[in-house]
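1. Got a predicted structure here, sequence first:
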Amino acid sequence: MNKNVILLVEDNPDDEALTLRAFKKNNIRNEIVVARDGSEALDYLFSTGKYAGRVVSAVPQVVLLDLKLPKVDGMEVLRRIRADERTKLMPVVILTSSKEEQDVISGYSLGANSYVRKPVNFDEFIEAVRQLGLYWLLLNEPLPHANNGRAGENGG
């Protein structure tokens with residue numbers, strides 16, 4: 001049960017490689033699980049499909065979510081994450097090339113913790129990933145893990 005997993009939801013192989021390279025260049029050594037479409041991301045998060053049997057309470061420390069995904073789009077993935085008690089408080093960062101204002105509004109309305117546009121320039125992308133890693137993996141205080149996600153049900 002590794003609470004330091006990063007779930008990268010990205011369908012573009014070039015962006016996936018760039019993100020993984022940026023993590024490596026910034027010495028971010030967390031386990032990175034890559035889901036290449038929205039359906040695979042949901043399977044991982046809710047232990048279905050090829051991830052059946054995975055412990056659902058072992059939620060990633062952060063999800064980096066692209067919006068334009070095959071099968072299930074990023075907004076729907078975010079909607080389902082926030083609708084489930086086990087994942088509703090999990091940090092989700094939208095990491096996308098979308099410049100559409102409506103995507104920003106919808107993402108925050110559905111409960112995204114952050115919205116980051118992927119820089120086109122590689123050096124800027126490396127810096128953006130470094131800052132994401134610093135904040136979400138080092139500075140941000142993660143939600144304490146509790147048995148079956150039921151912390152606080154009895155007032156404590």
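-> Structure's in. What do you need?
2. only C-alpha atoms for contact and neighbour calcs from this point on.
-> Will do.
3. Tell me the first helix or strand C-terminal of the helix or strand hosting residue 22.
-> Per DSSP states H and E: residue 22 is located in helix 13-25. Where DSSP H and E defines the elements, the next helix or strand beyond helix 13-25 is strand 32-35.
4. okay, now the nearest residue in space to residue 53 that is not next to it in sequence: neighbour count?
-> In space, and not counting its chain neighbours, residue 53 is closest to residue 47: 5.9 Å by Cα to Cα, 6 or more residues apart in numbering. A total of 16 residues lie near residue 47 under the criterion other Cα atoms under 10 Å.
5. separation between residue 47 and residue 115?
-> For residue 47, the distance to residue 115 (Cα to Cα, to the nearest Å) stands at 26 Å.
6. Give me the buried positions along stretch 37-50.
-> 37-48 (16 or more other Cα atoms under 10 Å).
7. swap in stretch 54-68?
-> For stretch 54-68, by 16+ other Cα under 10 Å, it's 56-68.
8. How far away from the center of its chain is the helix holding residue 22?
-> On the basis of Cα atoms, centre = their mean, to the nearest Å, helix 13-25 sits 15 Å off its chain's mean C-alpha point.
9. picking up where we left off before, got the contact list for the residue nearest to residue 53?
-> 53-56 (Cα atoms under 8 Å, 6 or more residues apart in numbering).
10. and what of residue 75?
-> Going by Cα under 8 Å, 6+ apart, the list of residues near residue 75 reads 67, 106-107, 110.
11. can you name the two of the residues you listed that are farthest apart?
-> For those, the farthest-apart pair by Cα to Cα is 67 and 110; their separation is 12.5 Å.
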